[in-house]
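Trainee: only geometry, no sequence info:
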């Protein structure tokens, strides 16, 4: 795997990358590695986004814990995004509408 490419993606910021330029198999491999590296750095939100791009979310309980943590510190948008990605659309909508 191209270490320079992974570092470049991480440096530019996961939200600033157009992942559609990679074929599906390569996208999965690259962004799984990016996600793992972000996790090792303690950047769980970026890791979640990378795993989502790769098409491989962490286990549901891990996602729920991450969403709950974001909710507790006031990051409602991120919490709602995570809940929506794991199929908890009603909870995500509730968070967005009620500003809890």
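Mentor: Looks like it came in fine. Computed from a prediction, not measured in an experiment: that's the story for all the values here.
Trainee: Is the closest residue to residue 93 other than its chain neighbours within a helix or a strand, and which one?
Mentor: Using Cβ to Cβ, 6 or more residues apart in numbering and skipping residues adjacent in sequence, the residue nearest residue 93 is residue 80, 7.7 Å away. Bear in mind the C-beta positions are built from the backbone N, C-alpha and C, glycine included. Assigned by DSSP states H and E, residue 80 belongs to helix 76-85.
Trainee: Tell me the helix or strand right after that helix.
Mentor: helix 89-98.
Trainee: how big is the angle separating that following helix from helix 76-85?
Mentor: Note on geometry: by axes from the mean of the first three to the mean of the last three Cα atoms, to 10 degrees, helix 89-98 and helix 76-85 are set 160 degrees apart in direction.
Trainee: domain assignment for this protein?
Mentor: With domains defined by automatic domain parsing, the chain comprises 1-56, 58-100.
Trainee: In CSV: those, plus mean pLDDT.
Mentor: Shown next, in CSV, are those (pLDDT from 0 to 100):
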stretch, mean pLDDT
domain 1-56, 91
domain 58-100, 91
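Trainee: Can you lay out these as TSV showing mean neighbour count?
Mentor: TSV is the format used below for the domains of the chain (neighbours: other Cβ atoms under 10 Å):
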stretch	mean neighbour count
domain 1-56	15
domain 58-100	16
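Trainee: Return the residues in contact with the residue nearest to residue 34 when sequence neighbours are not counted.
Mentor: Take residue 34 and drop its neighbours on the chain: the residue closest to it by Cβ to Cβ, 6+ apart is residue 50, 4.3 Å away. For residue 50, the set of contacting residues under the criterion of Cβ atoms under 8 Å, 6 or more residues apart in numbering consists of 14, 31-32, 34-35, 38.
Trainee: Next, find the distance separating residue 50 from residue 37.
Mentor: Separation of residue 50 from residue 37 (Cβ to Cβ, to the nearest Å): 8 Å.
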